[in-house]
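Asker: output the structure for:
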Amino acid sequence: MAQLSFKAAGLAMGVTGTLAFAAPALAQQDTEAMQRQLDALRAQVERMEQQLEAQQSTTTADSSQASSQTRDLAEENRSLIDSIQNSQFSGTLQLKGVYNDWNTADKDTAGDMDFGKFVLGVDGQHGNFLYSFEYRFYDGYQFLKKGWMGYQASDNDTVKVGLVQTPFGNMDYGYLGWYGNLPYLAGFNDNQNAGIKWDHTQGAWNTSLAFFKSDQLGDSNEHYGANAIGGTTDATYEDNGDLDTRGNQGNTEENQVAARVAYTFGQGTDYTTEINFSAKGGQLYNNQTNDSGSNWQAAVGLNGSYGSWLTQLQATAYEYDAENPDIEESGISDDVIQIGAFGFNYLIPAEGQMYSASVGYSMNVDWGDIDNVYFYNDFSYVSPNGDYSPNKGGFGENADDPMLNDLGMKVTAGPYYAWFSVVSNKNALGYFGSPDDDGWHTSLQTNFGLNF
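Answerer: Below is the predicted model of the structure:
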């Protein structure tokens with residue numbers, strides 16, 4: 001502003017100087033005409049000063065607007081940076097070693113070492129908004145294990161939308177070891193479905209209610225928790241009429257409602273006992289017949305933590321009332337329900353009860369880099385209602401009640417870990433290719449890796 005004022009003053013001085021040098025000539029002109037000319041020049045100088053002031057005001061306003069836009073952009077960037085800083089990135093790289101006593105190649109080579117999995121996860125919060133994501137890579141396939149967005153409505157209430165864990169049975173896994181148990185393999189515990197879930201905590205009470213539009217994001221078997229398979233492939237037959245390949249039953253769980261309520265005795269202490277009740281059920285739509293059946297599951301569980309000791313007990317009853325295609329079309333008996341996970345399909349009884357019991361002991365140690373040793377045992381079995389065979393499409397001889405036991409330990413050294421499991425089973429749903437011949441079979445499994 002000072003610079004512009006100096007320019008205006010210089011212009012006025014220049015005009016006055018010009019008038020001074022021209023004074024003798026002007027003296028001969030009409031006095032009134034000279035006065036009019038002087039007034040006009042003064043008016044012109046005033047207009048120029050006003051224009052200069054207006055230009056300065058506009059420049060200042062533009063500068064202020066630019067500064068405001070810069071501040072807004074900085075706030076947006078700061079908000080983004082804060083959001084990123086509130087995110088927790090995690091991952092796992094794991095290798096595995098397996099020896100199966102029913103596998104000839106394993107007997108000849110003393111087992112095999114393979115790639116286990118690679119996991120990437122993100123968890124975070126921005127204000128009252130939450131999010132969680134986990135993607136897994138295995139040998140030959142990959143899938144989204146979980147992926148949801150949430151809102152913290154209050155200190156006691158959270159709503160999640162997306163691929164979320166089903167509120168059923170003992171949480172979070174329903175077992176204490178690495179391999180799992182039969183309720184998990186059947187798709188009841190530690191299962192993710194696509195929908196919306198509300199969680200409420202109030203003191204020792206914990207309540208969850210969920211609606212799931214679909215069981216998974218698609219009808220394939222490449223996902224984490226087991227669900228009914230919605231495939232539409234028909235069985236094929238040889239020229240002589242013998243079965244060549246089996247097809248699919250084509251069931252998919254739609255429009256499911258799940259609820260769970262739990263109460264924890266000794267809340268806030270080192271010795272707690274949680275008692276929980278849960279139920280789930282809804283539409284069982286068949287993609288082959290285009291008809292709807294139904295399914296339901298109910299469970300009561302106990303989850304105890306007593307210092308270094310852990311224990312879990314659970315009893316589950318369930319039924320799948322499916323509208324399957326003709327048996328000749330699918331090649332699968334109506335006494336079983338076809339489910340799938342981790343890239344393969346298997347059969348469980350269409351109706352029955354499942355029981356599981358687990359115990360674990362965690363011991364902190366100071367053995368060089370080793371800081372924790374954990375021991376566990378998971379036992380479970382299935383009591384089918386009616387005939388059940390886990391092989392030959394459910395048409396095989398009636399099998400004894402399936403049983404599974406996982407005895408093992410986990411060693412932790414900072415971010416490094418190693419699981420050692422002795423998995424014994426009898427007719428255990430044909431999971432991972434174990435024979436269903438009413439005999440006991442054993443798999444020795446080692447999984448070791450790095451969490452980051």
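Asker: which parts of the stretch 301-450 of the chain are helices?
Answerer: Listed in chain order, the helices of the stretch 301-450 of the chain (DSSP state H, counting those that start in this stretch) span 327-330.
Asker: pLDDT below threshold where in it?
Answerer: Flagging of the stretch 301-450 of the chain using pLDDT under 70 yields the residue ranges 431-432.
Asker: test my guess that Tyr285 contacts Gln249.
Answerer: No: if you go by C-beta atoms under 8 Å, Tyr285 and Gln249 don't touch, sitting 11.6 Å apart. In this view, the C-beta of every residue, glycine as well, is placed from N, C-alpha and C.
Asker: who has more neighbours, those two?
Answerer: Gln249 (36 against 22; other C-beta atoms under 10 Å).
Asker: run a quick neighbour tally on the residue lying closest to the more buried one once chain neighbours are set aside.
Answerer: Nearest residue to Gln249, sequence neighbours excluded (C-beta to C-beta, 6 or more residues apart in numbering): Gln338, at 4.6 Å. Gln338 sits with 28 neighbouring residues when counted by other C-beta under 10 Å.
Asker: go on, the one 3 residues further on?
Answerer: The burial count assigned to Ala341 is 23, neighbours taken as other C-beta under 10 Å.
Asker: now it: how far from Arg246?
Answerer: 18 Å (C-beta to C-beta, to the nearest Å).
Asker: who does the closest residue to Met354 other than its chain neighbours bridge with?
Answerer: Sequence neighbours aside, Thr316 is the residue nearest to Met354 in space, at 4.4 Å (criterion: C-beta to C-beta, 6+ apart). Beta-bridge partners recorded for Thr316 (DSSP bridges): Ala299, Met354.
Asker: next: Thr236.
Answerer: Bridge pairing for Thr236 - DSSP bridges - gives Thr245.
Asker: pretty sure Trp198 is in a strand, no?
Answerer: Yes: with DSSP: H, G, I helix; E, B strand; the rest coil as the criterion, Trp198 is part of a strand.
Asker: sorry, back to before: contacts only, for the residue nearest to Gln249.
Answerer: If you count contacts by C-beta atoms under 8 Å, 6 or more residues apart in numbering, Gln338 has them with Ala228, Ile229, Asn248, Gln249, Asn251, Ile332, Asn345, Tyr346, Leu347.
Asker: before we move on, the earlier item: hmm, Gly169 and the residue nearest to Met354 touching each other?
Answerer: Yes: if you go by C-beta under 8 Å, Thr316 and Gly169 touch, sitting 6.7 Å apart.
Asker: how about the spatially most central residue of the chain, phi and psi?
Answerer: Central residue of the chain (C-alpha atoms, centre = their mean): Lys146, 1.9 Å from the mean position. Per-residue torsions, Lys146: phi -150, psi 160 (degrees, to the nearest 10).
Asker: now the one 5 residues further on
Answerer: Backbone dihedrals for Tyr151, given as degrees, to the nearest 10, come out at phi -140, psi 130.
Asker: nearest residue to it other than its sequence neighbours?
Answerer: That would be Val159: by C-beta to C-beta, 6+ apart, it lies 5.0 Å from Tyr151.
Asker: what pairs with the one you found across the strands?
Answerer: Tyr151, Trp198.
Asker: ok, now how distant is it from Asp114?
Answerer: Taken as C-beta to C-beta, the span from Val159 to Asp114 is 40 Å.
Asker: hmm, back to that, how close does the residue nearest to Met354 get to Val159?
Answerer: For Thr316, the distance to Val159 - C-beta to C-beta - is 27 Å.
Asker: same drill for the two, tell me which one is more crowded.
Answerer: Thr316 (25 against 15).
Asker: isn't the residue nearest to Tyr151 up against Gly195?
Answerer: No: counting by C-beta under 8 Å, Val159 sits too far from Gly195 to count as a contact (11.4 Å).
Asker: ok, which stretches of the stretch 151-300 of the chain are strands?
Answerer: 157-165, 192-202, 205-214, 227-228, 236-237, 243-245, 251-265, 271-286, 292-306 (DSSP state E, counting those that start in this stretch).
Asker: tell me the gap between the last one and the middle of its chain.
Answerer: From the chain centre to the centre of strand 292-306 is a distance of 21 Å (C-alpha atoms, centre = their mean, to the nearest Å).
Asker: give me the low-pLDDT residue ranges for the stretch 101-250 of the chain?
Answerer: Using pLDDT under 70, the stretch 101-250 of the chain has no residue that qualifies.
Asker: contacts for stretch 126-134, please.
Answerer: 82-83, 86, 119-125, 144-153, 158, 160.
Asker: same check, this time on stretch 277-286
Answerer: Contact with stretch 277-286 is made by 166-169, 212, 228, 230, 249-262, 291-301, 320-325, as judged by C-beta under 8 Å, 6+ apart.
Asker: make it 6 Å
Answerer: 168-169, 250-252, 254-261, 292-300, 322-323 (C-beta atoms under 6 Å, 6 or more residues apart in numbering).
Asker: okay, buried residues for it please.
Answerer: Ser278, Ala279, Lys280, Gly281, Gly282, Leu284, Tyr285, Asn286 (16 or more other C-beta atoms under 10 Å).
Asker: burial count for Leu302?
Answerer: 15.
Asker: measure Ser421 to Phe277 for me?
Answerer: Ser421 is 30 Å from Phe277, by C-beta to C-beta.
Asker: what's around the nearest residue to Asn248 once chain neighbours are set aside, how many residues?
Answerer: Nearest non-adjacent residue to Asn248, counting by C-beta to C-beta, 6+ apart: Gly231, 3.5 Å away. When neighbours are counted by other C-beta under 10 Å, Gly231 registers 21.
Asker: could you measure from Gly231 over to Asn345?
Answerer: 8 Å.
Asker: show me where the stretch 101-250 of the chain has helices.
Answerer: Counting by DSSP H, counting those that start in this stretch, the helices of the stretch 101-250 of the chain are 104-109, 182-185.
Asker: pick the most deeply packed of those.
Answerer: Mean neighbour count (mean count of other C-beta atoms under 10 Å) peaks for helix 182-185 among these, with a mean of 26.
Asker: which residues are contacting that one?
Answerer: Gly174, Tyr175, Asn189, Asp190, Thr316, Met354, Ser356, Ser380, Val382, Leu404, Leu429, Tyr431.
Asker: tell me who's in contact with the second one.
Answerer: Shown in contact with Tyr175 (C-beta under 6 Å, 6+ apart): Asn181, Tyr184, Ser358, Asp378.
Asker: what about the third one, how many residues close to it?
Answerer: Right, Ser358. Quick note: Ser358 (other C-beta under 10 Å) scores 23 neighbours.
Asker: residues touching it, list them.
Answerer: Ser358 neighbours (C-beta under 6 Å, 6+ apart): Tyr175, Leu176, Gln312, Asp378.
Asker: identify the bridge partners of the nearest residue to the third one once chain neighbours are set aside.
Answerer: Translated: Gln312. Leaving aside its chain neighbours, Gln312 sits nearest to Ser358 (4.3 Å; criterion: C-beta to C-beta, 6+ apart). Beta-bridge pairing for Ser358 (DSSP bridges): Gln312, Asp378.
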